[in-house]
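Peer 1: The following comprises the amino acid sequence and a computationally predicted model.
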Amino acid sequence: MAKSTQAQKSLNENRDGSAVISSRASVNEVRITAQKARRVVDLIRGMKADEALAVLKFAPQAAGETVYKLVASAVANAKDIHGVREASDLWITRAYVDEGTTLKRFRPRAQGRAFKIRKRTSHITVVVSDAKGGSR
């Protein structure tokens, strides 16, 4: 599991003229199918970060643990780089899942045949911001 994190100050501004703070965390090549990971990510998109962490802590899906760690990492990036005090100040503005590489395996079958098994991976990205609408 390759993990990369990035935080940056956005060039966009809030309505009051202050800069929008956004932090990003992503994980690549997670051995979860993109379809199953999207079910979990769709639960938290648009939520406050602390509420999303509470939902993910008790999510029964296997991807819940990975997405929980990812949201916690994005919040930690915002605290470390931008000096945000609490997770309740942040919103999950963007969260998406892309398909990763597919590992191809073969399963032996009767009479010399072989069936293909696809072990799918996915790339998950979460962006938190101090503005509810987020920055583009």
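Peer 2: Great, that's in hand. Numbering: from 1, shown residues only.
Peer 1: Kindly provide the whole-number mean pLDDT of the longest strand that the chain contains.
Peer 2: Identified as the longest strand of the chain according to DSSP state E is strand 91-108. Here strand 91-108 scores 96 as its mean pLDDT.
Peer 1: what helices or strands is that strand leaning on?
Peer 2: Strand 91-108 is packed against strand 19-30, helix 34-44, helix 49-57, strand 114-129, with contacts defined by 3 or more Cβ pairs under 8 Å, 6 or more residues apart in numbering; DSSP states H and E. All C-beta atoms are positioned from the backbone trio N, CA, C, and that covers glycine.
Peer 1: ok, 10 Å please
Peer 2: Of the remaining helices and strands, those touching strand 91-108 by 3 or more Cβ pairs under 10 Å, 6 or more residues apart in numbering; DSSP states H and E are strand 19-30, helix 34-44, helix 49-57, helix 63-77, strand 114-129.
Peer 1: Which one of the ones you listed lies nearest to Y96?
Peer 2: For the helices and strands packed on strand 91-108, the distance to Y96 is smallest for strand 114-129, at 5.7 Å, taking Cβ to Cβ.
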